[in-house]
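[1] from the sequence below, what's the structure:
(chains A and B)
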Number of protein chains: 2
Amino acid sequence: MIDYDAFLSRAAAGMKESAIRRMGSVVARNRDVISFAPGYPSAETFLNQDFQEIARELLSGSDEHVLQYGPTRGFRPLVELVAEIMDHRGAPAALDRLLITTGSQQGLDLVARVLLDPGDVVLVELPTYTGAIAAFRNVQAHMAGVRQDADGIDLAALDAVYARLVRAGRRVRLLYLVPNFQNPTGLLIGRDKRLALLEWAARHDILIVEDDPYRELYFDNAATEADVRPMKADDREGRVVYLSSFSKTLAPGYRVAWIDAPAALAAKFEFAKQAADLCTGTLDQRLVYEVARRGILNRQLPLLRTHYREKRDVMVAALGRELADVVSWTDPRGGFFLWARLPQGLDADRLLDRAVRHGVVYVAGEAFFVDDADDGLPRASNDGGRNLLRLSFSAPNHSRIREGVVRLAAAIREELAELSSSASAVQQAR
Amino acid sequence: MIDYDAFLSRAAAGMKESAIRRMGSVVARNRDVISFAPGYPSAETFLNQDFQEIARELLSGSDEHVLQYGPTRGFRPLVELVAEIMDHRGAPAALDRLLITTGSQQGLDLVARVLLDPGDVVLVELPTYTGAIAAFRNVQAHMAGVRQDADGIDLAALDAVYARLVRAGRRVRLLYLVPNFQNPTGLLIGRDKRLALLEWAARHDILIVEDDPYRELYFDNAATEADVRPMKADDREGRVVYLSSFSKTLAPGYRVAWIDAPAALAAKFEFAKQAADLCTGTLDQRLVYEVARRGILNRQLPLLRTHYREKRDVMVAALGRELADVVSWTDPRGGFFLWARLPQGLDADRLLDRAVRHGVVYVAGEAFFVDDADDGLPRASNDGGRNLLRLSFSAPNHSRIREGVVRLAAAIREELAELSSSASAVQQAR
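    Below you'll find the predicted structure:
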């Protein structure tokens, strides 16, 4: 027998399955389960008919490059189109700053590999996106969490965590932020705070990684274009590496996203990508390009904003009906997620089995936390997320959202009842 | 000004542009250049009509999963189909051994990240595939080259290089091989040698990475199914990580390939892939699956074998007509590549500018060499490849192959004439 553990790299020894992806397997095995777990866009919104027509044209055989290897930077017309999008977002980008990636997850992976050595510190919001945690962990970086306020990451806490890390002799390299409708909390960083963060990063000579997949999905009764202005738009000195994606607006199955970074870094991301997958799917890039070029994407955006706002409304209303007395939650102004808090004493991870039996799943909050006590440093501000959970309202339809919340409520009340009966049993035994 | 170099990881500091990809940019800028550089499959062979029909069906909107995120392991029916392919290749695989990757380049990257720490040694054939060099270099592994005979890697040289590395205290982890129609030499490892290599790896407790993209493309007048039997088929103890791909048989634009590895390693590759790109393109996987399921791929394979054999014949005949007196080359029994040797004193890299002026490009041999003298170890058997080059006959049509060889011959003869006149000038000056 070969001892495969002996062959694993130090990075691989620490690699784990993603909690969100694991939930995907649970749902695949139990078809009737209503899933509030993954941040899947709604398949109803996918533009199948347009894509069908465009695929027919692209596969006519008239262009021999459609199915061939393509440039690592990306299909040139798509790169130019991304430049227009960045311009529209207030951050005009020269082409040498742009790189098409195989989803934003690849963007995070390239950032991690190009900018972090083992032990280097990334400051992250607490809680933060699991995919970023995985990408940073896989290069053996050290993540230190900073708690958030109602308008995003707390500046005083940021100062305190940074000072502690510097005292401990750590090399702090990156500040990772999801300013728009953060995953998992749904929070939006305020406009002034964005500028303050840029200044803070300049003061400490740290790069900012701005992850912005949900930017187009602001709810028009709660946020404006001005609220979602990227930090990149005010990045005068080239300190921000900006990631965004077509996954939430067109479809994630194409795996088409982009990085906008200072040209010197974009070149390194390109070299890293050459060795990672040579190029992003070439048919996929053309499908995305054509649907954007023809104006179909822009016509779609207001519809998406309404679609997801209505779903948020349905979920918030259902939570209000079913769980207002025991659960609290954020009211996001865009994006896919609610962040909910169970009664003290409940454990979202332990509750999951019961929830599955009731036919509903979510992601237990723990997956979004980092614990920089792992390597002997003092713990960051971190309540561990035991009674927190992320609820995605993006994929299920309205009636499934309502039914899912009813099931979730049943699971929570059953758990509460069991807890209180065992507590009273303990009291009687005393 | 931000000093971006100060932010690069140690890995990123060593990342370079691929020589092959750079040639791609040269060709893109000079449309009339005939390219023998990249290993592009022939676009004439792409099954556009079948893909058009299948795309129409897939994008009908009847299956909401087609454009959604998918499982990291891959689209389950495609994984099952890959199991059938492995069975047909003599290496039956349980599903827990298989993982769909975003091209085989991702497979190499996952192998590197999961199995190598900085400084660990990978033994490679000399010359070897540039994409593998890049993937191994990006995790700061040390590559040691072993020279090849007519039937592949030289066993005595392998022993000698291994012994030298062990004496130097290095940790030798992997043996990377392309047994079928190696990139760049086109060589085929003999049947007995394959078994001897498995035994050798067992004796030294090293894992074998078997990279097999060209397996289906044997030339029926020169090789048989038995000749291309994977080493994985005789891997009784689970020592081989096997990579293969649909890029050369269907189209590379889909970025669909696979790994067959011992289950314990496949699980780690899956976790690494989760953080690298979440999943391979879902429409792409279905397109590939459908064209295989319907028997179209299997009907295509004999046609591909003939197509590429004819192109090899055309290139070999053209070389014989134009360059037999000064250049020598391998006569591959499958795949995409010829490996050619210029007259002593010519430098394939220096010749490239002149070749471009004549309207033809290739990849200078140096890109396929590793130099383990970089870190102070003694040099491996390595002639540096200054007068070697790789010629791909796969993509251009017959008349372009002929014309390209005429152009190449003109460039070589011009260079030779210049060299001899400057040599006689030097002699006269003495």
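[2] what about A:R357, how many residues close to it?
    Residues near A:R357, counting by other CB atoms under 10 Å in any protein chain shown, number 14. (Each C-beta comes from the backbone N, C-alpha and C, glycine too.)
[3] secondary structure element holding the nearest residue to it once chain neighbours are set aside?
    Residue nearest to A:R357 in three dimensions, not counting chain neighbours: A:A411, with 7.5 Å by CB to CB, 6 or more residues apart in numbering or on different chains. Per DSSP states H and E, A:A411 falls inside helix A:398-429.
[4] for A:V209, same thing?
    Residue-wise, A:V209 maps onto strand A:207-211 under DSSP H and E.
[5] please apply the same query to A:P396.
    Taking DSSP H and E as the definition, A:P396 sits outside all helices and strands.
[6] ditto for A:L391
    Take DSSP H and E as the rule and A:L391 turns out to sit in strand A:388-392.
[7] so that strand versus helix A:398-429, what angle?
    160 degrees (axes from the mean of the first three to the mean of the last three CA atoms, to 10 degrees).
[8] strand A:388-392: partners in the sheet, and parallel or antiparallel?
    The pairing partners recorded for strand A:388-392 under DSSP bridges are strand A:337-341 (antiparallel), strand A:363-364 (antiparallel).
[9] and it, how far out from the chain middle?
    Its chain's average C-alpha position is 13 Å from that of strand A:388-392, according to CA atoms, centre = their mean, to the nearest Å.
[10] same for the worst-scoring helix or strand of chain A on mean pLDDT, what does it pack against?
    Scoring the helices and strands of chain A by mean pLDDT, DSSP states H and E places helix A:19-29 at the bottom, with a mean of 71. Applying 3 or more CB pairs under 8 Å, 6 or more residues apart in numbering or on different chains; DSSP states H and E, we find helix A:19-29 packed against helix A:130-137, strand A:360-361, strand A:363-364.
[11] distance between it and the chain's centre?
    Between the centre of helix A:19-29 and the centre of its chain there are 17 Å (CA atoms, centre = their mean).
[12] which outside residues touch it?
    A:33, A:35, A:37-39, A:130-131, A:356, A:361-364, A:366-367, B:69, B:71-72, B:274, B:278 (CB atoms under 8 Å, 6 or more residues apart in numbering or on different chains).
[13] do that again at 7 Å, thanks
    Contact with helix A:19-29 is made by A:33, A:35, A:37-38, A:130, A:356, A:361, A:363-364, A:367, B:71-72, B:274, as judged by CB atoms under 7 Å, 6 or more residues apart in numbering or on different chains.
[14] next structured bit after it?
    With secondary structure assigned by DSSP H and E, helix A:19-29 is succeeded by strand A:34-35.
[15] I'd like the average pLDDT over that following strand.
    Averaged over strand A:34-35, pLDDT sits at 96.
[16] same thing with stretch A:60-76?
    pLDDT averaged over stretch A:60-76 gives 95.
[17] run the chain-centre distance for that stretch.
    Centroid separation for stretch A:60-76 versus its chain: 29 Å, with CA atoms, centre = their mean.
[18] for chain B, what are the nearby residues on the stretch 151-300 of chain A?
    Within the stretch 151-300 of chain A, the positions adjacent to chain B are A:173, A:207, A:237-239, A:251-255, A:262, A:264-265, A:268, A:271-272, A:274-278, A:281-284 by CB under 7 Å from any CB of the partner chain.
[19] in strands only, show me these.
    Within those, residues falling in strands by DSSP state E are A:173, A:207.
[20] out of the contacts of helix A:19-29, who's the most crowded?
    In terms of neighbours by other CB under 10 Å, those top out with A:V363 at 28 neighbours.
[21] didn't that one look like it was pressed against A:S35?
    No. With contact defined as CB atoms under 7 Å, A:V363 does not reach A:S35; the gap is 9.8 Å.
[22] with only the CA atoms kept, save the longest strand seen in chain A in CSV.
    Secondary structure of chain A per DSSP E: the longest strand is strand A:142-149. C-alpha atoms of strand A:142-149 as CSV (Å, rounded to 0.1, in the frame of the first residue of the first chain):
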residue,chain,number,x,y,z
HIS,A,142,-2.5,33.6,7.0
MET,A,143,-6.0,35.2,7.1
ALA,A,144,-6.8,37.7,9.8
GLY,A,145,-10.5,38.7,10.1
VAL,A,146,-11.8,42.1,10.8
ARG,A,147,-15.4,42.6,12.1
GLN,A,148,-18.0,44.5,10.2
ASP,A,149,-20.5,47.2,11.0
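[23] just to revisit the earlier point, please spell out the ChimeraX selection for the buried subset of the residues of the stretch 151-300 of chain A next to chain B.
    Selection of buried members from those for ChimeraX, criterion 16 or more other CB atoms under 10 Å in any protein chain shown:
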select /A:173,207,238,239,251,252,253,254,255,262,264,265,268,271,272,274,275,276,277,278,281,282,283,284
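[24] quick revisit: return the most buried member of the strands paired with strand A:388-392.
    Mean neighbour counts were taken over the strands paired with strand A:388-392 using mean count of other CB atoms under 10 Å in any protein chain shown, and the top value, a mean of 26, falls to strand A:363-364.
[25] list the contacts of it.
    With CB under 7 Å, 6+ apart as the test, strand A:363-364 has contacts from A:19-20, A:23, A:37, A:348-349, A:352, A:389-390.
[26] settle this for me: A:V327 is touching A:Q344, isn't it.
    No. A:V327 lies out of contact with A:Q344 (CB under 7 Å); the separation is 11.5 Å.
[27] who has more neighbours, the two?
    Shown here are A:V327 and A:Q344; by other CB under 10 Å, A:V327 has more neighbours (21 against 7).
[28] what's the closest non-adjacent residue to the more buried one?
    Nearest residue to A:V327, sequence neighbours excluded (CB to CB, 6+ apart): A:A340, at 5.5 Å.
[29] ok, that neighbour - contacts?
    By CB under 7 Å, 6+ apart, the contact list for A:A340 reads A:327-329, A:389, A:391.
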